[in-house]
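In: Got a sequence here, can you build the structure:
(one chain, ligands or ions: 1)
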Amino acid sequence: MGYRFTRDDVGYLGSATGRAALAEVDRLALTAASLLKDLEQVRRVHGDLAAALVETVRLRRRATAKLADAGEWLFTDDALQQATPTAVARHRAARLAGRAVHDLTCSIGAELVELARVCPAVVGSDLDDVRLAIAAHNLGQRWLPVGESDASPARNVLLAKADALRPSSRDTVVIADPARRADGRRTHDPAKLQPPLPDLLAAYRGRDLAVKCAPGLDFDRLDWPGEIEIVSLDGAVREACLWSQGLTEPSVTRRATVLSSTGAGWSITDTEPDDIDERAPGEWIIDPDGAVVRAGLVRHYAAKHGLWQLDPRIAYLTGDAVPEGVRGFRILDRLDYREKPLRAELHRRDCGPLEILTRGVDIDPDALRSRLKLRGSQPHTLVITRIGRTPTVFLCATP
Ligand SMILES: C[S@@+](CC[C@H](N)C(=O)[O-])C[C@H]1O[C@@H](n2cnc3c(N)ncnc32)[C@H](O)[C@@H]1O
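Out: Model (predicted):
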């Protein structure tokens, strides 16, 4: 949960004195081993402000993995955990470019910053006073020359305290990112989000709306008439976003968007063709990105790249070429799933490090790896899946 920042802390940390103190604290290691000693040293100079200073420097260091240009930002621990990564916020903002947008749950402003770059007018609101003060600081930092202490928000962003469930702007697209932790735990129940998703959707019925949700949310319970976009970043599925019909192309109900923190990215939707052949396995196995799988677009992805399925009910794909930027596994051999012959074959190939991918079979990769007792030097990958009802092993070269 971390240190509880107050509005006074935010005022101090954003002032010239606070910034100088932060720069000084940033010279300390602040590692698990040095923290107590470092904190004592900061306390001797800055007294009661020490905890806010040390926590801010530690959060800034953590933030670099998630947020671009956050070196001068302020955070709380929870708010940093909840913040949308820059690459994902930038992608959402790009879809809204040119529109006036109201972020109903703006928190510390990770999405506002990206919206402000491409939208003519942006409103950010939240119920949390401290987060709003932090958002003002974070937005102000980006637009003010280095050295100025005024923390006023960007010119095209208006910040206000408001309850998301009571519409407070007109003629805006609304976006929301309800908090996904109830009682400190993750929840997949839309009604337990804050604000509750069903109430939010009811309050903005008929408006252009985009709502970020957890990717594990039970979409079928929502019966959403617009688009559901599943977004992954650097191979990990990060979120689902509900887009109202006015914000998507006609007939799109599912989209997978695959982003990379290098800035690259692509999307596929359910309006694209999904006709694929049923054929014997090709030269390669391809494990589609989690966003494609979660969005139910495995066949569409296969059709787009000239691939086909190993089995119609399993998400592994196969083909004679690997789409660019994707990890493919070249098939060396195909075996029934029987451990004795499998172990013999792996020993014969001098197999050492073994990556095991499974889908559609009840096999614990770690337990299997230790039973195989491999002592060789050559890395290999096993893809274990079901073809029809038969558990099947594809012995592959590790890419
Ligand atoms: C998951 S965070 C949003 C994070 C934000 N999108 C970002 O990238 O930094 C959810 C926010 O919703 C706010 N919130 C919860 N209930 C609210 C309500 N009824 N009205 C306005 N804000 C609310 C919380 O204070 C919290 O800051």
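
In: where does I134 fall, phi/psi-wise?
Out: I134 has phi and psi values of phi -70, psi -40 when expressed as degrees, to the nearest 10.

In: So it is in contact with A79, correct?
Out: Yes. I134 is within contact range of A79, at 7.0 Å (criterion: CB atoms under 8 Å). The way it works is simple: take the backbone N, C-alpha and C, and place the C-beta from them, glycine included.

In: what sits in contact with each of those two?
Out: I108 (CB atoms under 8 Å, 6 or more residues apart in numbering).

In: the more surrounded of those two?
Out: I134 (27 against 23; other CB atoms under 10 Å).

In: Give me the pLDDT value at that one.
Out: Looking at I134, its pLDDT is 96.

In: cool, and L112?
Out: L112 is given a pLDDT of 96.

In: Then R369?
Out: pLDDT, read off for R369, is 95.

In: If we go by neighbour counts, what in the helix or strand hosting it is buried?
Out: Here R369, judged by DSSP states H and E, is contained in helix 365-372. For helix 365-372, the neighbour count (16 or more other CB atoms under 10 Å) marks L368, L372 as buried.

In: check contacts around A133.
Out: R7, V10, G11.

In: Stretch 196-210 vs the ligand: in contact?
Out: No. Against the ligand, stretch 196-210 shows no contacts by CB under 6 Å from any ligand atom, the least distance being 8.3 Å.

In: Now the terminal residues of that stretch, how far apart.
Out: 15 Å (CA to CA, to the nearest Å).

In: Tell me the buried residues in that stretch?
Out: For stretch 196-210, by 16+ other CB under 10 Å, it's L197, L200, L201, A203, Y204, R207, D208, L209, A210.

In: And stretch 93-101, by the same measure?
Out: A93, R95, L96, R99, A100, V101.

In: go on, stretch 218-231?
Out: Under 16+ other CB under 10 Å, the buried positions of stretch 218-231 are F219, L222, W224, G226, E227, I228, E229, I230, V231.

In: now the nearest residue to the second one once chain neighbours are set aside: how far from the ligand?
Out: Nearest non-adjacent residue to L222, counting by CB to CB, 6 or more residues apart in numbering: P190, 6.5 Å away. From P190 over to the ligand the distance is 14 Å, taken as CB to the nearest ligand atom, to the nearest Å.

In: Let me know the pLDDT of V326.
Out: 88.

In: Counting neighbours, what do you get for it?
Out: 17.

In: distance of it from the ligand?
Out: 29 Å.

In: need the contact list for that residue.
Out: Taking CB under 8 Å, 6+ apart, one finds I286, D289 in contact with V326.

In: same deal with I384?
Out: Contacts of I384 (CB under 8 Å, 6+ apart): Y337, I356, L357, T358, R359, V361, I363, P391, T392, V393, F394.

In: leaving aside the residues next to it on the chain, what's closest to it?
Out: That would be T358: by CB to CB, 6+ apart, it lies 4.7 Å from I384.

In: And stretch 79-95, what's buried?
Out: 79-80, 82-93, 95.

In: tell me the contacts of the residue of the stretch 201-350 of the chain found nearest the ligand?
Out: Residue nearest to the ligand within the stretch 201-350 of the chain: K212 (6.7 Å; CB to the nearest ligand atom). Applying CB under 8 Å, 6+ apart to K212 gives the contacts T84, R92, I175, A176, D177, P178, E239, A240, C241.

In: Between which two of these is the distance greatest?
Out: Greatest spacing in these, by CB to CB: R92 and P178 (14.9 Å).

In: re earlier: residues touching the helix holding R369, excluding its own?
Out: Contacts for helix 365-372 (CB under 8 Å, 6+ apart): E339, L342, R343, L346, L354, I356, L357, T358.

In: going on from it, what's the next piece of helix or strand?
Out: strand 378-387.

In: Pull that next one out as CSV, backbone CA atoms only.
Out: Output of strand 378-387 as CSV, limited to C-alpha atoms (Å, rounded to 0.1, in the frame of the first residue of the first chain):
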residue,chain,number,x,y,z
GLN,A,378,21.2,-28.8,-26.5
PRO,A,379,18.1,-26.6,-25.8
HIS,A,380,14.8,-27.8,-27.2
THR,A,381,11.1,-26.9,-26.9
LEU,A,382,8.2,-29.3,-26.4
VAL,A,383,4.8,-28.3,-27.6
ILE,A,384,2.3,-30.7,-26.0
THR,A,385,-1.3,-30.5,-27.1
ARG,A,386,-4.3,-32.5,-28.1
ILE,A,387,-4.8,-33.5,-31.7
